[in-house]
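Q: Turn this into a structure:
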Amino acid sequence: MKNRLTVFLVLITIHGWGQQLAVKGLQSPVEVIRDKWGINHIYAQNEHDLFFAQGYCAAKDRLFQFEIWRRQATGTLAEIMGEEELKRDIGARLFSYRGDMDKELAHYHPRGKNIIQSYVDGVNAFIDATRNNPSLLPFEFKLLGIQPGKWSPQVVVSRHQGIRSNVGQELNIARAIGRVGEKKVRELSWFHPLEPDLHMDSTIDVSLLYDDILGPYEAVNRELQFRSDDLATEKLPEGSNNWIISGSRTASGFPILANDPHRRISVPSLRYIVHLSAPGWDVIGGGEPVIPGVSIGHNQYGAWGLTIFETDAEDLYVYTLHPTNPFQYRYNGSWKDMNSVTETFKVKGGKDTTVTLYFTHHGPVTKIDAVRRKAYAIRCAWLEPGGAPYLASLRIDQATNWEEFRDACAYSHIPGENMIWADKKGNIGWQAVGITPIRTTHSGMVPVPGDGRFEWNGFLPIKERPHLLNPSKGFFATANQHVTPSDYPHMRTIAYTWADDYRGNRVNEVLEKMTKSTLEQSMALQTDYYSIPARELVPMIIGFSFSDSLTEESRARLKQWDKRLEPNSIAAGIYIMWEREITQVLRKRFTPSLAASYITVQTSTLIKWLNNPEQIFPLDPIGERNQLLKITFETAVQRMKVRFGNDMNQWKYGQINYKHVQIKHPLSALVSDSLRKQIDLGPFPRGGSGLTPNANGNADNQTAGASFRFITDLSDWDKAVMTNTPGQSGDPSTPFYQNLFEEWATNRFFPAYYSKSKIINAAAGKIMLMPAK
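A: Prediction:
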């Protein structure tokens with residue numbers, strides 16, 4: 001195997017355009033055309049070579065990202081970063097998939113085992129190339145003094161980067177109930193469409209739940225930092241927008257599909273765009289670079305996209321331990337042994353550490369409290385076969401119609417998603433996906449005893465999750481808000497909490513007005529800065545008057561404002577400071593301090609309170625509300641004066657000292673000033689907020705949002721547009737490291753060509769990957 005994968009690089013300049021690269025492991029020549037935006041269009045003669053080349057090219061572009069992913073997946077970060085990463089490594093191995101690998105790989109595609117192995121072989125082929133020619137290694141490896149390690153299928157199917165479910169929310173709700181009671185928790189929370197059962201079982205001592213119960217679980221999800229104090233601290237939303245428009249409502253007469261998933265804004269990007277073409281495959285779009293296939297994009301028949309559909313796929317179980325054996329727990333009236341696995345971890349600057357991991361029949365044990373005779377474990381549906389995030393997209397990549405799309409969606413376990421579809425025949429549809437436990441004894445919103453009384457009753461078939469085909473209104477949109485029809489028969493299997501619905505409402509109200517929709521209109525909607533919260537809040541203050549001239553002028557500006565959070569808008573700058581002040585004051589005033597660490601009141605609830613002030617001000621609703629609004633507005637204006645001075649022309653929203661985007665490389669704090677200038681990007685002005693369709697977060701520096709965008713009009717695949725920030729490559733020495741950053745920051749797109757003639761005309765170069773002899 002080792003000899004088969006050894007790469008011999010023979011770089012030969014061909015007469016004319018392009019290069020040849022001899023790579024051992026290929027069966028036939030593979031043509032890779034790179035367009036001027038950095039997208040690799042891979043043309044292979046067979047399936048093996050297609051995914052081998054995908055792995056090879058992606059690793060070549062993102063090798064350091066691949067190495068960090070591999071170490072996160074295998075729990076080997078402490079080996080290069082020291083003891084501070086040991087807890088993360090322990091968590092990664094504790095929550096790794098330990099089931100039947102053949103069953104696991106076959107879940108993602110009928111030929112999943114071969115496809116994933118081919119991809120891994122391609123990754124390892126480039127790693128071998130770096131061992132033969134160390135100059136191919138990106139600067140990060142030299143800086144850290146490390147070499148890239150080999151990949152395996154186990155790394156590809158790792159769960160460490162999955163969008164997790166709600167076990168942290170479960171624990172925090174229980175903690176809040178323990179501090180302020182169930183009634184107050186319900187008042188502060190926006191449970192919908194149904195109210196969950198929050199009853200705490202009498203066998204659970206809530207006072208014990210304030211310990212560090214989820215340590216290994218939370219360590220896996222923690223943002224990785226290379227001892228830098230400069231990375232963002234804003235809690236990152238996991239959101240997205242997508243919509244489908246019927247041809248009956250478009251100018252072309254064909255459907256339009258749009259998708260912009262919201263994740264961390266980082267360098268390199270979380271997403272990677274690729275075009276894969278071989279017999280049986282012709283798909284282009286974006287996905288995570290470390291997995292084969294395309295998660296969001298189109299083939300020759302249809303297009304698809306995704307957003308988060310809140311899905312509760314986790315439960316926290318609390319166990320009573322045996323009086324003399326802390327590794328036995330009470331279950332169904334008898335004592336049951338925990339299973340155990342011993343793991344050894346290498347630690348930079350220290351000795352190897354050996355740790356025993358424990359498991360109940362429910363799942364990984366996160367804490368054993370032998371003194372109090374309690375243990376805690378998490379049952380994770382994503383540890384079932386098929387739980388690797390997005391990998392089941394391999395099946396979707398070959399769907400030719402709505403029925404095949406839904407069949408493929410039935411294998412999409414993690415994360416819970418709103419999958420949308422549009423095809424050349426004119427169909428548009430929506431299918432919610434995600435592995436969904438059936439709970440008949442509890443809601444899943446608070447911890448439960450692990451004594452056998454609160455078991456799952458299997459999983460709901462994914463095709464029985466909410467779905468629709470060709471809606472009568474001619475369009476459908478999701479933005480992580482609740483969209484399930486009220487007559488859905490399995491309502492207790494969907495989540496009880498959802499994102500604020502402002503983004504979704506804005507998208508729907510714009511689409512409703514479009515009768516001859518165009519691609520350009522969807523581009524404008526993806527980058528829309530209109531704020532519905534501003535539309536609700538600003539009228540509340542228009543009738544006020546202020547003695548301070550600058551405060552009065554600020555009010556007057558808001559009165560004339562169009563409610564768009566544009567970067568060059570002074571009114572937007574004033575409003576956002578006011579919205580922040582309102583949010584802070586309301587949360588602090590009406591969330592009991594004992595519960596503030598466990599519950600964050602959503603903006604929808606805060607504005608509902610202001611629209612219905614009797615809910616929070618029973619004695620003088622309008623008077624007390626108006627007083628609060630007036631004081632917060634005066635405070636906001638004062639903050640603007642302190643930050644930007646008395647000249648209101650300096651109060652523009654999009655500026656380096658206010659709303660902007662600046663991306664710092666993970667190793668930024670460890671390099672020289674000259675290198676830092678090459679690897680850090682920005683700043684650029686930004687607009688919007690976390691509640692506008694162009695969701696750019698609520699902090700001054702945008703740290704999350706739509707790093708990748710995709711829109712297509714199915715009348716012509718060459719009309720599709722995309723963007724990906726800051727570029728396709730993670731290597732600052734290449735032209736594709738930051739070539740898309742300014743274009744993205746100014747809300748522009750590039751054409752995602754599909755036909756080979758268009759691709760050749762836009763090509764920046766070509767490489768022929770040749771089987772090495």
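Q: Just list whatever residues bridge to the spatially most central residue of the chain.
A: When the chain is reduced to its mean C-alpha position, the nearest residue by Cα atoms, centre = their mean turns out to be Arg263, at 4.1 Å. Assessed by DSSP bridges, Arg263 has beta-bridge partners Gly705.
Q: Hmm, Ser269 and it touching each other?
A: No: if you go by Cβ atoms under 8 Å, Arg263 and Ser269 don't touch, sitting 9.0 Å apart. In this view, the C-beta of every residue, glycine as well, is placed from N, C-alpha and C.
Q: quick one on the thing from earlier: so how far is Ile767 from the residue nearest to the centre of the chain?
A: Remark: distance between Arg263 and Ile767 (Cβ to Cβ, to the nearest Å) = 30 Å.
Q: which helix of the protein spans the most residues?
A: Counting residues, the longest helix in the chain under DSSP state H turns out to be helix 47-74.
Q: following that helix, which helix or strand shows up next?
A: With elements assigned by DSSP states H and E, the helix or strand that comes after helix 47-74 is helix 78-81.
Q: ok, the nearest residue to Arg535 once chain neighbours are set aside - contacts?
A: Take Arg535 and drop its neighbours on the chain: the residue closest to it by Cβ to Cβ, 6 or more residues apart in numbering is Lys563, 5.1 Å away. For Lys563, the contacting residues are 530-532, 534-535, 538, taking Cβ atoms under 8 Å, 6 or more residues apart in numbering as the criterion.
Q: go on, Met770?
A: With contact set as Cβ under 8 Å, 6+ apart, Met770 has these partners: 20-23, 26, 29.
Q: Same question for Lys473.
A: With contact set as Cβ under 8 Å, 6+ apart, Lys473 has these partners: Glu512.
Q: I'd like to know how far it sits from Met514.
A: Plainly put, Lys473 is 12 Å away from Met514 if you go by Cβ to Cβ.
Q: ok, back up a step: give me the mean pLDDT for the longest helix of the chain.
A: Regarding helix 47-74, the rounded mean pLDDT is 98.
Q: Show me what that helix is packed up against.
A: Counting contacts by 3 or more Cβ pairs under 8 Å, 6 or more residues apart in numbering; DSSP states H and E, the secondary-structure elements packed against helix 47-74 are strand 30-35, strand 40-43, helix 86-94, helix 112-132, helix 139-144, helix 153-156, strand 272-278, strand 763-771.
Q: list residues touching both of Arg263 and Ser269?
A: Common neighbours of Arg263 and Ser269, counting by Cβ under 8 Å, 6+ apart, are Ser707.
Q: rewinding a little: per-residue confidence at the residue nearest to Arg535?
A: You'll see Lys563 listed with a pLDDT of 98.
Q: What's the separation between it and Asn698?
A: In this structure, Lys563 lies at 17 Å from Asn698, with Cβ to Cβ as the measure.
Q: go on, Asn114?
A: Asn114 is 45 Å from Asn698, by Cβ to Cβ.
Q: what's the answer for Leu670, then?
A: Going from Leu670 to Asn698 by Cβ to Cβ gives 29 Å.
Q: do the same with Ala375
A: Look at Ala375 and Asn698: by Cβ to Cβ, they are 38 Å apart.
Q: same thing with Ile42?
A: As defined by Cβ to Cβ, Ile42 lies at a distance of 39 Å from Asn698.
Q: again with Leu50
A: Using Cβ to Cβ, Leu50 is found at 42 Å from Asn698.
Q: more neighbours, these two?
A: The residue with the greater number of neighbours, taking Leu50 and Asn698 and applying other Cβ atoms under 10 Å, is Leu50; the counts read 25 against 20.
Q: Pull the contacting residues for the more buried one.
A: By Cβ under 8 Å, 6+ apart, the neighbours of Leu50 are 30, 42, 44, 118, 276-278, 281.
Q: Tell me which two in those residues are the farthest apart.
A: Within the contacts of Leu50, two members stand farthest from each other by Cβ to Cβ: Ser118 and Ser277, at 15.3 Å.
Q: ok, those two, which is more surrounded?
A: Applying other Cβ under 10 Å to Ser118 and Ser277 shows that Ser118 carries more neighbours, namely 24 against 20.
Q: Show the contacting residues for that one.
A: With the criterion set at Cβ under 8 Å, 6+ apart, Ser118 makes contact with 47-52, 55, 292.
Q: Pull the number of nearby residues for the nearest residue to it once chain neighbours are set aside.
A: Leaving aside its chain neighbours, Ser118 sits nearest to Phe51 (4.2 Å; criterion: Cβ to Cβ, 6+ apart). One way to gauge burial is a neighbour count; for Phe51, by other Cβ under 10 Å, it gives 28.
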